[in-house]
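Asks: My questions concern the predicted model and sequence given below.
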Amino acid sequence: MFKENLETIALFGGSFDPPHFGHKSVVKEALKILDIDRLIVVPTFLNPFKKSSFFTTEERLNLTRELFKDFNKVVVDDYEIKELKATPTAKTLKYFQQRYNVKYLIIGADNLEHIDRWHEFEWLNSQITWVVATRKGYKIKSNKLRDVKILEVEADISSTQIRNKESSIDEQQ
């Protein structure tokens, strides 16, 4: 099948541990500025740079589906979860390229510092346009990226902050 006949999509992967309104803000803004047919959210089974998750895989998948259920052009896909192991973004991209014209890969600005350590970074960099969501406390240094769009997001929240609050509530009980 020719690439022109495939739906044009953006991929937005991550731990979503847990998903929150910052992720929702990223998706809302991406849908406004990107010329795509669909945005696919891909929760990881396990982030390749982490040893564990706070929430279970099933909880993260269900919470992510709940967060994006009202978005017509958004699909939450369990591809990486079904892999049952940490899956490099390059492998995920290759999987979705078989079905779609994957034009964009959405990442947070917090990923930029070590982006060149990603598995098959050079290949990834040649395949897509990076969409970098701004994040308070992180500068956008995109000199490693071949093609980049900046996604201005003003959501001052992170999954780490939510997990830390959750932990402190548990300790108080």
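Replies: Arrived safely, thanks for sending. Numbering: from 1, shown residues only.
Asks: partner residues bridging the residue nearest the centre of the chain?
Replies: For the chain, G13 is the residue whose C-alpha lies nearest the centre (CA atoms, centre = their mean; 2.5 Å). Counting by DSSP bridges, G13 forms beta bridges with V42.
Asks: isn't it right up against A90?
Replies: No: G13 is beyond contact range of A90, at 11.4 Å (criterion: CB atoms under 8 Å). Placement of C-beta: from N, CA and C, glycine included.
Asks: By mean pLDDT, which helix or strand of this protein comes out lowest?
Replies: helix 159-172 (a mean of 43; mean pLDDT, DSSP states H and E).
Asks: so how far is R146 from D77?
Replies: Taking CB to CB, to the nearest Å as the measure, D77 falls 25 Å from R146.
Asks: The two: who's more crowded?
Replies: The neighbour comparison of D77 against R146 (other CB atoms under 10 Å) goes to D77, with 18 against 13.
Asks: any idea how far the more buried one lies from E113?
Replies: Distance, D77 to E113, by CB to CB: 27 Å.
Asks: Also L84?
Replies: Separation of L84 from E113 (CB to CB): 29 Å.
Asks: Check V42 too.
Replies: V42 is 22 Å from E113, where distance means CB to CB.
Asks: Have a look at those two and say which one is more surrounded.
Replies: V42 (23 against 12).
Asks: who's in contact with that one?
Replies: Residues near V42 by CB atoms under 8 Å, 6 or more residues apart in numbering: 11-14, 76-77, 79-80, 92.
Asks: make it 10 Å
Replies: Going by CB atoms under 10 Å, 6 or more residues apart in numbering, V42 touches 11-14, 16, 64, 75-81, 87, 89, 92-93, 95-96.
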